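Q: Need coordinates for the below:
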Amino acid sequence: MKDYLLKALCFEGQIRAYAVNATNTVAEAQRRHDSWNTSTAALGRAMVGTVMLGAMNKGEDVITVRIQGNGPAGAIIVGSNGRGDVKGYIQNPKVSLPLNEKGKIDVRGAVGTAGSFSVTKDLGLKEPFSGQVPIVSGELGEDFTYYLANSEQVPSAVGLSVLIDTDDTVKAAGGFVIQVMPGATEETITEIEKRIADMPFVSRLIEQGESPETILNRLLGDENVNFLTETPVQFKCDCSSEKIESALISVGKEEIQAMIDEDHGAEAVCHFCANKYQFSEDELKELLKEAN
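A: I've put the predicted structure just below:
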């Protein structure tokens, strides 16, 4: 099944909803970072949540989610836009913890229960918008929920789910966001809360062949959902030789000279996609001229 995100308006405008299948996208991140099961689940949940946050903005707008917890996974940084492009980085991809007390992958143990959850939005204005809240759970679904309610003042329910196979590869990944609009009735909210409580894990539903359409119908009821837009979702990094060259120039002429004298060249690796960029001694000398 292809990866895509659905946006819907439900209960005659009382509810805004998103659902996404991001299985191939998270699998590509796992492959690039060669991550172990707990790290993959943590990074995958962050990517699923961020791609849905990105869908709330215009196509060219870029958002970056930074999760800095006190767990062994370290920092998680994910970037996305309104076109469904998403990239992700986890500081320690080699975390594999015992299952938690519910027999599930211990994402909270990897992320930690203290730290910061921040979102930066580049909306093409002079200054980007930035909001930050403390980590309240470490499971990440609750943390995205807390951010939306407290930083953006939108009552929301966020479900994020990644199913990992025994060889650490990704079997399924997806999620949903349900947002309460002004004027929503208590009756509508109560019905949705009950449906969410009875909802199986999204990744299990995707593994069984369910789509974002059927997931939203489960959550909200077929008769209440008005699908608006469908957006393809994919792992996509915007790194390039030009950007890496600019980054090398920014480190300063002393550092570039040391690369020339000691290594006679340089290799730079993108944190997000693990692409490698090679620079010869002559190329470094040209960058040194620019740095001077």
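
Q: Strands of this protein, start to end?
A: Secondary structure of the chain (DSSP state E): strands located at 4-10, 15-21, 62-69, 75-81, 85-90, 115-122, 129-134, 156-164, 170-180, 225-232, 234-235, 265-269, 276-280.

Q: so what strands line up beside the first one?
A: In other words, strand 4-10. strand 15-21 (antiparallel), strand 225-232 (antiparallel) (DSSP bridges).

Q: Can you say which of those is packed in most?
A: Mean neighbour count (mean count of other Cβ atoms under 10 Å) peaks for strand 15-21 among the strands paired with strand 4-10, with a mean of 26. Using the backbone N, CA and C atoms, a C-beta is placed for each residue, glycine as well.

Q: quick one, which of the strands paired with strand 4-10 is nearest to Phe201?
A: Relative to Phe201, the nearest member of the strands paired with strand 4-10 by Cβ to Cβ is strand 15-21, separated by 13.3 Å.

Q: Now do that closest one against strand 170-180, angle only.
A: 170 degrees (axes from the mean of the first three to the mean of the last three Cα atoms, to 10 degrees).

Q: Can you spell out the domain ranges of the protein, please?
A: Domains of the chain are assigned by automatic domain parsing as 4-235, 241-291.

Q: Single out the most deeply packed of those.
A: domain 4-235 (a mean of 20).

Q: hang on, the earlier thing: is it possible to get TSV of the strands paired with strand 4-10 that adds distance to Gly74?
A: Shown next, in TSV, are these (distance: least, Cβ to Cβ, whole Å):
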stretch	distance to Gly74
strand 15-21	25
strand 225-232	30
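
Q: Is it possible to get a markdown table of those strands that adds distance to Val62 and mean pLDDT?
A: As requested, those are arranged in a markdown table below (distance: least, Cβ to Cβ, whole Å; pLDDT from 0 to 100):
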| stretch | distance to Val62 | mean pLDDT |
| --- | --- | --- |
| strand 15-21 | 18 | 97 |
| strand 225-232 | 15 | 96 |
